[in-house]
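Visitor: Sharing a sequence plus its predicted fold:
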Amino acid sequence: MKIDLEISDPVNFSSGDHQHLVQKAAIKGNPGKLDQSFTHSSGDRPQEAIKHSNPKPRDGANIYAIQISDASTNENANSHGPFEDMSVRRGFIVKVFIILSVQLIVTATIIGVFVFCMPIRKWVISVPWFLYALLPAIMVVIVVLACCRDVRRQVPANYILLAFFTLLEGLLLGSMSIFYRAEEILWATGATTVVTLALTLFALQTKWDFTVLNGVLFVLTSVLLIYGIIALVVQSYWLHLVYSALGTLLFSMYLVMDVQMMVGGHYHYEVDPEEYIFAALNIYVDIINIFVFILDLIGQ
């Protein structure tokens, strides 16, 4: 379609100021249809949307040859984020759940070895520094995965670090589990499984947006940390019981929030599809913390 268009003032095409010129050209081309609104056909190719060639000179005005493409439209479409593509979202969610399932299976296997293998139980009891040596190693790895974006996006370094973190976390939980009976661990595992499945379904179905509670949950985590220090100093049964219950509730809310951030879509915050390691790490830590607090709650 060819349109002669007069422009006497500078026009900023990136800000959308050219729309009134397009409207003017359409009305000028169809003077008998002034009431008809201008629409752009999706079938036009970008280079053929509006094209002016061989402009006719006119007196008293600057004549320009302009070309308006669909670049701004495409830019607006891409501004909604990568989750607008349903296939990308599904692939991201499937990848996160596969990684998470492998992490949980490895962790459960390590805990089972520590619980049911008597020589390992005796060795951990005889070497108390083993449990405390795992804590700083876990903190270093989790800080690297959480704070270094380039590292957790680089394959295979991200998988190696996540596997190393899962192994350390499994050893830590296995060392802690020797102080509980086998039936208590099984009850805690079953309860954690039920809670995780129920909260995941709730996060997928509810219209409540938990992603906006990120700051609130951080404040509650700080309060829970201070409360835990008090519970550690003051040896009280009810104080410890309340601490375990509050910890279970807090990380249950974290689990709902992280699942919604992974799913994305209509929620306020969402995780980039390239951050599958970060999403799996968040959900894994939530489930592990729920397990620890439920185990401590049952142990009371």
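Guide: That came through fine.
Visitor: Model confidence at residue 225, what's the number?
Guide: According to the prediction, residue 225 has pLDDT 90.
Visitor: Next one: it from residue 218, what distance?
Guide: Between residue 225 and residue 218 the computed distance is 11 Å (CB to CB, to the nearest Å). C-betas here are computed from N, CA, C, even on glycine.
Visitor: same thing with residue 241?
Guide: Applying CB to CB to residue 241 and residue 218 gives a distance of 24 Å.
Visitor: Of these two, which one has the most company?
Guide: Regarding residue 241 and residue 218, a neighbour count based on other CB atoms under 10 Å identifies residue 241 as having more, with 14 against 11.
Visitor: from memory that one sits against residue 299, does it?
Guide: No - counting by CB atoms under 8 Å, no contact exists between residue 241 and residue 299, whose distance comes to 10.3 Å.
Visitor: what comes into contact with the helix or strand containing residue 192?
Guide: Assigned by DSSP states H and E, residue 192 falls within helix 182-205. Helix 182-205 is contacted from outside by 108, 111, 115-116, 177, 180, 210, 248, 252, 255-257, 259-260, 263, 287, 290-291, 294-295, 298-299, using CB atoms under 8 Å, 6 or more residues apart in numbering.
Visitor: ok so residue 207 is a helix residue?
Guide: No - for residue 207, which was evaluated using DSSP: H, G, I helix; E, B strand; the rest coil, the result is coil, with no helix membership.
Visitor: where in this protein is pLDDT low?
Guide: Applying pLDDT under 70 to the chain flags residues 1-85, 265.
Visitor: can you give me how far the host helix or strand of residue 105 is from the chain middle?
Guide: With the criterion set as DSSP H and E, the secondary-structure element containing residue 105 is helix 86-116. On the basis of CA atoms, centre = their mean, to the nearest Å, helix 86-116 is displaced by 16 Å from the centre of the chain it belongs to.
Visitor: what packs against it?
Guide: Contacting helix 86-116 under the criterion 3 or more CB pairs under 8 Å, 6 or more residues apart in numbering; DSSP states H and E are the following elements: helix 118-126, helix 157-177, helix 182-205, helix 237-263, helix 276-299.
Visitor: Turn those into TSV, including distance to residue 151.
Guide: Conversion of those to TSV gives the following (distance: least, CB to CB, whole Å):
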stretch	distance to residue 151
helix 118-126	31
helix 157-177	6
helix 182-205	28
helix 237-263	20
helix 276-299	9
